[in-house]
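> with the sequence up front, the predicted model follows.
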Amino acid sequence: MDLYPAIDIRGGAAVRLVQGDFSRETGYGDPLALAREFVDAGAPWLHLVDLDAARTGRPVNRDTVIAIARAVDVPVEVGGGVRSEADVDGLLSMGVSRVVLGTVVHEDPGLVLRAADRHPGRVAVGLDYRLAADGRAEVAVHGWEQGSGRTVGELLGSLAGVDLAAVVVTAIERDGTLEGPDVRGLAAVLRECGHPVVASGGVGSAADIVALARLAEESGGETRRLAGVITGRALVDGRLTVAEGVAACAPSV
């Protein structure tokens with residue numbers, strides 16, 4: 001399992017939200033400086049999100065994202081506002097290693113198929129969910145501000161035949177809270193998903209990462225484990241170092 005330090009960008013600055021709420025924002029300065037800090041500390045990946053683009057579809061932080069991808073020597077995964085083939089092609093041609101498609105999965109499913117076919121191993125899908133009153137895990141879109149009307153399970157079924165690099169699964173209600181990941185929900189995803197799964201939301205300590213690294217589910221006669229974990233606030237708030245996170249990704253079991 002790989003550690004993906006997260007950098008969310010809004011208005012050109014590194015920020016963290018709580019549960020995707022744009023009114024609950026904390027700033028963390030220059031995103032490029034933060035990226036270099038994570039990489040210098042041993043991060044094997046970076047996970048970047050253009051929050052403005054996720055919300056509006058306008059890639060106002062695209063230059064910042066490209067500057068980070070070109071400045072570091074580790075693979076960079078980018079999501080937020082990737083809504084067209086031109087967006088995918090442009091990001092991948094300018095130093096980004098993997099793009100994460102979110103809202104467009106619902107609005108133009110064919111684009112996901114075309115992008116994954118055009119760029120094997122470099123296209124992921126983000127499934128960001130909230131639990132509805134009836135217990136269903138509904139996927140949210142447009143910067144997490146709207147419900148899609150579809151569940152995580154339904155979306156996973158529709159993606160079964162697509163050649164994706166990964167599925168990035170975020171528990172919105174856990175995101176930025178430091179209260180621990182949705183282990184039960186992730187176990188269900190591992191049972192249903194045939195793609196590598198990267199978990200996001202709620203990681204507050206090395207112990208949380210160890211719990212995710214040890215999570216294993218039997219699916220189709222094989223044992224499935226998470227491919228990665230994303231964490232942001234725990235790192236920038238000093239609750240976890242990159243070195244501790246990397247070590248926790250490979251616990252002795």
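Sure, I can see it.
> next, the buried residues of the host helix or strand of Arg55.
Arg55 is part of helix 51-56, with elements assigned from DSSP states H and E. For helix 51-56, burial by neighbour count (16 or more other CB atoms under 10 Å) applies to 51-55. (C-beta placed from N, C-alpha, C; glycine too.)
> any idea of the mean pLDDT in it?
Regarding helix 51-56, the rounded mean pLDDT is 90.
> output the buried residues of helix 51-56 as JSON lines; include the columns distance to Val229.
Output for the buried residues of helix 51-56, formatted as JSON lines (distance: CB to CB, whole Å):
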{"residue": "Leu51", "distance to Val229": "20"}
{"residue": "Asp52", "distance to Val229": "25"}
{"residue": "Ala53", "distance to Val229": "24"}
{"residue": "Ala54", "distance to Val229": "20"}
{"residue": "Arg55", "distance to Val229": "25"}
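> and of these, the nearest to Gly245?
Nearest to Gly245 among these is Leu51, at 22.3 Å by CB to CB.
> show the contacting residues for that closest one.
Leu51 is in contact with 8-10, 15, 17, 22, 61, 80, 143, counting by CB atoms under 8 Å, 6 or more residues apart in numbering.
> all the strands of the stretch 101-250 of the chain, residue numbers only.
123-131, 137-141, 146-151, 166-171, 197-200, 216-219, 222-225, 228-231 (DSSP state E, counting those that start in this stretch).
> weakest of those by average pLDDT?
strand 216-219 (a mean of 74).
> so which of the buried residues of helix 51-56 comes closest to Val197?
Distances from Val197 to these, taken by CB to CB, are shortest for Ala54, at 20.5 Å.
> the closest one against Val100, yeah?
No. Ala54 lies out of contact with Val100 (CB atoms under 8 Å); the separation is 10.1 Å.
> quickly list what's touching both of the two.
79-80.
> mind putting the strands of the stretch 101-250 of the chain into CSV with mean neighbour count and distance to Pro251?
Formatted as CSV, the strands of the stretch 101-250 of the chain follow (neighbours: other CB atoms under 10 Å; distance: least, CB to CB, whole Å):
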stretch, mean neighbour count, distance to Pro251
strand 123-131, 23, 25
strand 137-141, 21, 27
strand 146-151, 15, 31
strand 166-171, 25, 21
strand 197-200, 27, 15
strand 216-219, 14, 12
strand 222-225, 12, 12
strand 228-231, 26, 12
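> of all those strands, which one is nearest Ala207?
strand 228-231 (12.4 Å).
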